[in-house]
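Q: dropping the sequence and predicted coords here.
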Amino acid sequence: MSLRKELIRLAHEKPELRDHLLPLIKSSSTRDEKSKVLRTLQQAANALDTAELQLDHISQHISDEDYDSYYRGGLLDSKITMELTELKASTHRLMAEIKRSK
């Protein structure tokens, strides 16, 4: 059982402690939300890393004919690679900011 659930149960069982427990419940909820956001951002960062590796693999291991096809289709456009790099950096910055916040 999570800390938050245990605090809620205790507050229900001991009404005289509610004034002291409610701030802890709110705080644990904020930590849980922060933890969920960080997990989601980490998953996004992992997906971006995978996409970058796949684009790199495609660009290095395809024939000239296929390369032209991918390039014309926009898959190997340098803008995509640059935006992917910027998105990765932004994701990591946001994760660092959240970790530093209280």
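A: On my side now, so go ahead.

Q: how far away is the residue lying closest to residue 18 once chain neighbours are set aside from residue 32?
A: Across the structure, with Cβ to Cβ, 6 or more residues apart in numbering as the measure, the residue nearest residue 18 apart from its sequence neighbours is residue 11 (4.8 Å). All C-beta spots, glycine's among them, are computed from the backbone N, C-alpha and C. Computed with Cβ to Cβ, to the nearest Å, the distance linking residue 11 and residue 32 is 16 Å.

Q: so if I had to pick from those two, which one is more boxed in?
A: When residue 11 is set against residue 32 and neighbours are counted by other Cβ atoms under 10 Å, the residue ahead is residue 11, at 18 against 13.

Q: any idea how far residue 17 is from residue 81?
A: Remark: distance between residue 17 and residue 81 (Cβ to Cβ) = 56 Å.

Q: which ones are touching the residue nearest the centre of the chain?
A: By Cα atoms, centre = their mean, the mean C-alpha position of the chain lies nearest to residue 41, the distance being 0.6 Å. For residue 41, the contacting residues are 91, 94-95, 98, by Cβ atoms under 8 Å, 6 or more residues apart in numbering.

Q: again, but for residue 99
A: With contacts defined as Cβ under 8 Å, 6+ apart, the neighbours of residue 99 are residue 38.

Q: mean confidence for the helix or strand harbouring it?
A: With elements taken from DSSP states H and E, the one containing residue 99 is helix 78-100. Throughout helix 78-100, pLDDT has a mean value of 84.
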